[in-house]
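A.B. asks: With the sequence up front, the predicted model follows.
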Amino acid sequence: KQEVTQIPAALSVPEGENLVLNCSFTDSAIYNLQWFRQDPGKGLTSLLLIQSSQREQTSGRLNASLDKSSGRSTLYIAASQPGDSATYLCAVRRMNTGFQKLVFGTGTRLLVSP
Amino acid sequence: DAMVIQNPRYQVTQFGKPVTLSCSQTLNHNVMYWYQQKSSQAPKLLFHYYDKDFNNEADTPDNFQSRRPNTSFCFLDIRSPGLGDAAMYLCATSASGGSGETQYFGPGTRLLVL
């Protein structure tokens, strides 16, 4: 059974800092890994999707890496801003299942203070 | 703008009183998903539709049912809500369930059971 863990559960940083969020998964047989952002009381917004054959993806100040063999992914946020405050969830798509079944972690709650 | 819409955003119901949550999409996607997310927990897939084909997760309680009358709409019916069913319910879509696709999430419906 695939399990996804995110550490830390919460993180507080001052504005401008670079930071790393961690995601680990127990079964390396995955199609892809996604990072989502969730604002309080809202739905999920996809940030980055990394295919199993890729090592990293970048979008603006965000960089996500994937080491499938070790079951780890990181989300790097450069020059953090108060608007980055949200919960960040990672999710893996399991192989040999239909229709993009995602298994989510419980998220890291990020607070960036001005 | 194309999007995933959920109504209502907040729903209060009484213990045991049936409730229906609504999701609609303008993306013309084939696949629609319902997730349950309890406080500080990971979203958990309840079921999904590929077109009209219904796929239930093995551990989804019988108390939860779903209908998809057409491509655009999908409903989540909770036949006899219990206190443990209080959660955020997230609807999502994807084009065809392929491995490289992103899931698009609605804003969610927060359900409170009194």
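C.D. replies: That came in fine, so what should we check first? Residues are numbered from 1 along each chain as shown, chains lettered A, B, ... in the order given.
A.B. asks: Contact residues of chain A facing chain B?
C.D. replies: Selection of chain A residues close to chain B by C-beta under 8 Å from any C-beta of the partner chain yields A:4, A:31-32, A:34, A:36, A:41-46, A:49, A:51, A:89, A:93, A:98-107. Where C-beta positions appear, they are placed from N, C-alpha and C, glycine not excepted.
A.B. asks: Could you list the low-pLDDT ranges of chain A?
C.D. replies: Applying pLDDT under 70 to chain A flags residues A:95-100.
A.B. asks: Quick check: nearest residue in space to the residue lying farthest from the centre of chain B, chain neighbours excluded?
C.D. replies: The centre of chain B is farthest from one residue, residue B:100, which by C-alpha atoms, centre = their mean lies 22.0 Å away. Nearest residue to residue B:100, sequence neighbours excluded (C-beta to C-beta, 6 or more residues apart in numbering or on different chains): residue A:51, at 6.4 Å.
A.B. asks: Just grab the bridge partners of that neighbour for me.
C.D. replies: residue A:32 (DSSP bridges).
A.B. asks: Give me the buried subset of the residues of chain A next to chain B.
C.D. replies: For the residues of chain A next to chain B, a burial check counting by 16 or more other C-beta atoms under 10 Å in any protein chain shown picks out A:4, A:31-32, A:34, A:36, A:42-44, A:46, A:49, A:51, A:89, A:93, A:99-107.
A.B. asks: Take those residues and keep only those in strands.
C.D. replies: Using DSSP state E, A:4, A:31-32, A:34, A:36, A:44, A:46, A:49, A:51, A:89, A:93, A:102-104 are the members of those that sit in strands.
A.B. asks: Let me see the contact set for residue B:13.
C.D. replies: B:19, B:78, B:81, B:111, B:112, B:113, B:114 (C-beta atoms under 8 Å, 6 or more residues apart in numbering or on different chains).
A.B. asks: Neighbours of the residue nearest to it when sequence neighbours are not counted, how many?
C.D. replies: Nearest non-adjacent residue to residue B:13, counting by C-beta to C-beta, 6+ apart: residue B:19, 4.4 Å away. Using other C-beta atoms under 10 Å in any protein chain shown, residue B:19 has 18 neighbouring residues.
A.B. asks: Show me what residue B:19 bridges to in the sheet.
C.D. replies: Assigned bridge partners for residue B:19, using DSSP bridges, are residue B:78.
A.B. asks: the strands in chain B, which residues?
C.D. replies: Secondary structure of chain B (DSSP E): strands at B:4-7, B:10-13, B:19-25, B:31-37, B:44-50, B:53-56, B:64-67, B:73-78, B:87-94, B:104-105, B:109-113.
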